[in-house]
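K.L.:
Turn this into a structure:
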Amino acid sequence: MNTPYASLAGKLLIAMPAMGDPRFERSVVYLCAHGEDGAMGIIVNKPVTELRFADLLAQLGIPRPDKGARDIRVHFGGPVEGGRGFVLHSGDYEGDGGSMRIDEDVSMTATLDILRRIAAGQGPKSSMLALGYAGWGPGQLEQEIGQNAWLTGPARSEILFGRANEHKWTAALKAIGVDPQTLSSSAGHA
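P.N.:
Residues are numbered from 1 along each chain as shown. Predicted coordinates for the structure are as follows:
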């Protein structure tokens with residue numbers, strides 16, 4: 001008897017203190033897709049300090065208006081395809097194709113059009129830009145969760161799109177009722 005697959009798309013993964021991979025240490029990952037074929041997510045709390053949005057726009061040849069221009073932080077989205085950009089955004093924006101609705105509140109778009117609109121002060125109300133993504137093969141994420149590498153929790157707008165990246169990990173833990181001070185850095189099973 002096959003049981004329906006319990007997708008975690010639209011949820012947060014919160015790295016446990018014993019996370020062995022330094023790229024994911026204290027990471028908060030928004031899961032964009034999750035199924036029997038694997039999972040794909042965007043790290044939402046690791047800004048890239050060496051690249052600003054304006055610099056990225058200049059590299060891509062996208063003009064910024066003198067007035068009304070918006071600026072968003074560029075984030076390390078994960079170790080896969082680091083040169084590719086993904087905009088995680090509020091569901092109020094429907095691009096000209098190329099947008100993937102994750103749930104009623106959040107979508108992801110990977111086109112230059114959304115960058116042009118954001119630069120011009122248009123586009124979605126809330127957004128964040130990530131370079132690269134985190135990916136897992138079939139069963140890999142479930143195995144990592146079973147090994148206590150990740151906790152799962154609800155995705156809240158202030159965690160996804162807030163500017164206080166240094167507080168997102170703690171906020172995500174508190175959203176599921178976990179005090180970060182009580183977490184052990186050694187994994188185990190009861």
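K.L.:
Could you count how many residues lie near L88?
P.N.:
25 (other CB atoms under 10 Å). C-beta: built from backbone N, CA, C; applies to glycine.
K.L.:
how close does it sit to P138?
P.N.:
Separation of L88 from P138 (CB to CB, to the nearest Å) stands at 24 Å.
K.L.:
swap in I42?
P.N.:
On the measure of CB to CB, I42 and P138 end up 20 Å apart.
K.L.:
contacting residues for the nearest residue to D179 once chain neighbours are set aside?
P.N.:
Excluding its sequence neighbours, the residue lying closest to D179 (CB to CB, 6 or more residues apart in numbering) is L173, at 7.4 Å. Counting by CB atoms under 8 Å, 6 or more residues apart in numbering, L173 touches I14, L151, G153, D179, P180, L183.
K.L.:
can you give me the helices for this protein?
P.N.:
Taking DSSP state H to define them, one finds helices in the chain at 53-60, 112-119, 140-146, 157-161, 165-175.
K.L.:
any chance of those helices in TSV, plus distance to M19 and mean pLDDT?
P.N.:
Shown next, in TSV, are the helices of the chain (distance: least, CB to CB, whole Å; pLDDT from 0 to 100):
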stretch	distance to M19	mean pLDDT
helix 53-60	28	88
helix 112-119	31	90
helix 140-146	9	94
helix 157-161	18	93
helix 165-175	11	93
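K.L.:
Filter the contacts of L173 down to the buried ones, ChimeraX style.
P.N.:
In ChimeraX syntax, the buried subset of these is picked out as below (16 or more other CB atoms under 10 Å):
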select :14,151,153
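K.L.:
residue nearest the centroid of the chain?
P.N.:
I42 (2.9 Å; CA atoms, centre = their mean).
K.L.:
For that residue, give its distance to G177.
P.N.:
Distance from I42 to G177, by CB to CB: 24 Å.
K.L.:
and if you look at P22?
P.N.:
27 Å.
K.L.:
follow-up on the earlier one: could you identify which of the helices of the chain is most buried?
P.N.:
Ranked by mean neighbour count, the helices of the chain are led by helix 112-119 with a mean of 20 (mean count of other CB atoms under 10 Å).
K.L.:
Run the angle between it and helix 53-60 for me.
P.N.:
Counting by axes from the mean of the first three to the mean of the last three CA atoms, to 10 degrees, helix 112-119 lies at 140 degrees to helix 53-60.
K.L.:
From the contact counts, what lies against helix 112-119?
P.N.:
Helix 112-119 is packed against helix 53-60, strand 80-90, strand 127-136, with contacts defined by 3 or more CB pairs under 8 Å, 6 or more residues apart in numbering; DSSP states H and E.
K.L.:
would CSV of the ones you listed with distance to G35 be doable?
P.N.:
Listed next are the helices and strands packed on helix 112-119 as CSV, based on distance: least, CB to CB, whole Å:
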stretch, distance to G35
helix 53-60, 31
strand 80-90, 17
strand 127-136, 11
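K.L.:
Mind checking these for the one nearest to R163?
P.N.:
Among those, strand 127-136 comes nearest to R163, with 9.3 Å by CB to CB.
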